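# A structural model of the following input is requested.
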Amino acid sequence: MVIQSLRGLSIIALLVAAQSVAVVLEARNGAAHGDATWYHTGQGACGAWSKDSDHVVALSPRQYAGGDNCWRHIKIHYQGKTVDATAVDLCPECQGDSIDLSPSAFSSLAGLDVGRIQVTWSY
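I've put the predicted structure just below:
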């Protein structure tokens with residue numbers, strides 16, 4: 001009886017672990033949806049300096065993942081336009097899958113005066 005209970009717990013633990021891995025893989029490879037804003041660049045949380053003319057992005061704390069996603073390239077889509085940007089910074093105030101773009105990356109999608117747009121993006 002005890003062994004059957006342990007086997008049942010082991011199977012449940014494996015299923016939970018497999019589900020967690022699937023969620024992580026989906027987040028890494030699937031499309032994300034969120035707000036995009038823009039900011040003036042400088043030295044990013046990934047350690048390098050960027051200029052406002054670089055196509056770079058600051059990720060939300062969730063997506064930044066303690067620096068694990070530094071230097072990853074993302075494609076950002078808005079109203080039929082697409083821009084490629086490199087993750088170089090952390091956006092502490094960004095929630096969920098929202099991102100903060102350099103002025104040049106943002107202006108490839110919309111005018112800076114717009115300030116905030118809803119985008120879809122992926123690694």
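# thought residue 103 was touching residue 38?
Yes: using Cβ atoms under 8 Å, residue 103 and residue 38 qualify as a contacting pair, with a distance of 5.4 Å. Heads up, the C-betas are built off the backbone N, CA and C, glycines and all.
# those two - which one has more neighbours?
residue 38 (24 against 16; other Cβ atoms under 10 Å).
# quick check: pLDDT value at that one.
Per-residue confidence (pLDDT) for residue 38: 98.
# is the residue lying closest to it once chain neighbours are set aside in a helix, a strand, or coil?
Among residues not flanking residue 38 along the chain, residue 106 sits closest, at 3.8 Å (Cβ to Cβ, 6 or more residues apart in numbering). Judged by DSSP: H, G, I helix; E, B strand; the rest coil, the three-state class of residue 106 is helix.
# is residue 106 in contact with residue 41, as I believe?
No: Residue 106 is beyond contact range of residue 41, at 11.2 Å (criterion: Cβ under 8 Å).
# between the two, which is the more surrounded one?
A count of neighbours by other Cβ under 10 Å puts residue 106 above the other of residue 106 and residue 41, at 29 against 22.
# tell me the contacts of that one?
Taking Cβ atoms under 8 Å, 6 or more residues apart in numbering as the contact definition, residue 106 lies against 36-38, 112.
# can you pick the most crowded of those residues?
Going by other Cβ under 10 Å, residue 36 tops the contacts of residue 106 with 27 neighbours.
# bridging residues for that residue?
residue 99, residue 117 (DSSP bridges).
# neighbouring strands - and their directions - for the longest strand seen in the chain?
Counting residues, the longest strand in the chain under DSSP state E turns out to be strand 81-90. Strand 81-90 sits in its sheet next to strand 56-59 (parallel), strand 73-78 (antiparallel), going by DSSP bridges.
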